[in-house]
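Novice: Have a look; sequence and predicted model below, questions after that.
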Amino acid sequence: MDSNNDYIFKILVLGDNKTGKGAVLNRYTDVCFSLKGDFSNQRTIGVDFKMKSIDIGNGKIVKFQIWDSTNKYGNQLQTIYFKKTNGYLLLFDCTSQSSFLNLPFWINQINEMHKKYSSGNSDEIPKIVIIGNKCDEIENIVIDKITAQNYCDSLSIPLFYVSAKLNENIDEAFKLLQNLILKSEIPHELPSEQTSLTSSFYRFCNII
């Protein structure tokens with residue numbers, strides 16, 4: 001336990017390569033975005049993580065460790081990345097059909113690993129939010145919005161369309177996932193208005 005924080009929770013960011021996991025994480029934690037040419041190395045090697053502290057009221061501070069996993073060996077992630085994870089942000093690229101079609105693979109990975117390495121009850125349903133990144137690239141979008149929504153609805157998983165480039169809906173996606181984690185882990189610490197927020201709260205990129 002960090003002496004400056006009352007609670008620490010872990011979020012793991014998953015999805016195919018080139019879906020913009022690092023860009024989304026940087027937007028949320030550092031409020032910045034780098035164009036493609038500004039990166040000296042386009043892919044994160046291994047795992048990188050950043051911190052975000054949240055004041056939940058009542059004098060309580062929660063720190064979230066947000067882990068950006070990049071698939072150094074294709075889609076085979078080392079199991080250590082899943083240990084003591086409280087929630088998952090799963091990305092697909094709105095301009096890549098394959099990244100959307102691979103969502104079932106990632107969902108299966110999460111379910112399997114969560115049972116083995118969950119920080120709490122292994123029978124508990126994992127806290128997942130799915131986001132479709134690059135929704136600003138309107139001319140290149142290949143994912144049908146209704147198909148994506150129906151898939152997420154069938155799994156009772158919230159769906160957001162976001163743009164790391166334009167900083168659209170990234171805060172909302174993270175806040176919902178954090179709220180799902182907090183309601184599960186420390187409901188007694190939350191103000192009444194926060195506990196009323198449910199997973200039916202969706203936001204979509206304004207430009208789609």
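Specialist: The structure has been received and is ready for your questions. These numbers were taken from a predicted model, which means no experiment stands behind them. Numbering: from 1, shown residues only.
Novice: Where do the helices of this structure begin and end?
Specialist: If DSSP state H is used as the criterion, the helices of the chain fall at 21-30, 97-101, 103-117, 145-155, 170-185, 192-195.
Novice: just checking, what packs against the longest one?
Specialist: Meaning helix 170-185. Judged by 3 or more C-beta pairs under 8 Å, 6 or more residues apart in numbering; DSSP states H and E, helix 170-185 is in contact with strand 7-15, helix 21-30, strand 47-57, strand 60-69, strand 87-93, strand 128-133, strand 159-161, helix 192-195. (Each C-beta comes from the backbone N, C-alpha and C, glycine too.)
Novice: what's the closest non-adjacent residue to Leu177?
Specialist: Distances taken as C-beta to C-beta, 6 or more residues apart in numbering place Val129 nearest to Leu177, at 4.4 Å, with adjacent residues excluded.
Novice: for the chain, where's the lowest mean pLDDT among helices and strands?
Specialist: helix 192-195 (a mean of 58; mean pLDDT, DSSP states H and E).
Novice: Quick one: mean pLDDT for stretch 158-172?
Specialist: Mean per-residue pLDDT for stretch 158-172: 95.
Novice: Only the buried residues of it, if you could.
Specialist: Residues 158-170, 172 are the ones in stretch 158-172 that count as buried (16 or more other C-beta atoms under 10 Å).
Novice: now it, how far from the centre of its chain.
Specialist: Centroid separation between stretch 158-172 and its chain, computed with C-alpha atoms, centre = their mean, to the nearest Å, is 11 Å.
Novice: Can you name the residues that contact the spatially most central residue of the chain?
Specialist: Centroid check for the chain by C-alpha atoms, centre = their mean gives Leu89 as the closest residue, at 1.8 Å. Contacts for Leu89 were tallied using C-beta atoms under 8 Å, 6 or more residues apart in numbering; they are 11-14, 24, 66, 128-129, 131, 173-174, 177.
Novice: any low-confidence regions in the chain?
Specialist: Low-confidence segments of the chain, defined by pLDDT under 70: 1-5, 31-48, 70-78, 119-123, 193-208.
Novice: Recalculate using a threshold of 80.
Specialist: Applying pLDDT under 80 to the chain picks out residues 1-5, 31-49, 69-80, 118-123, 191-208.
Novice: Any idea which of the helices and strands packed on helix 170-185 gets closest to Lys145?
Specialist: Closest approach to Lys145 among the helices and strands packed on helix 170-185 (C-beta to C-beta): strand 159-161, 7.7 Å.
Novice: Would you list the strands that that closest one pairs with, along with their directions?
Specialist: strand 128-133 (parallel) (DSSP bridges).
Novice: relative to helix 103-117, how tilted is the partner strand?
Specialist: 150 degrees (axes from the mean of the first three to the mean of the last three C-alpha atoms, to 10 degrees).
Novice: Would you convert the helices of the chain into JSON lines that also reports distance to Ser53?
Specialist: JSON lines is the format used below for the helices of the chain (distance: least, C-beta to C-beta, whole Å):
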{"stretch": "helix 21-30", "distance to Ser53": "10"}
{"stretch": "helix 97-101", "distance to Ser53": "31"}
{"stretch": "helix 103-117", "distance to Ser53": "24"}
{"stretch": "helix 145-155", "distance to Ser53": "29"}
{"stretch": "helix 170-185", "distance to Ser53": "11"}
{"stretch": "helix 192-195", "distance to Ser53": "16"}
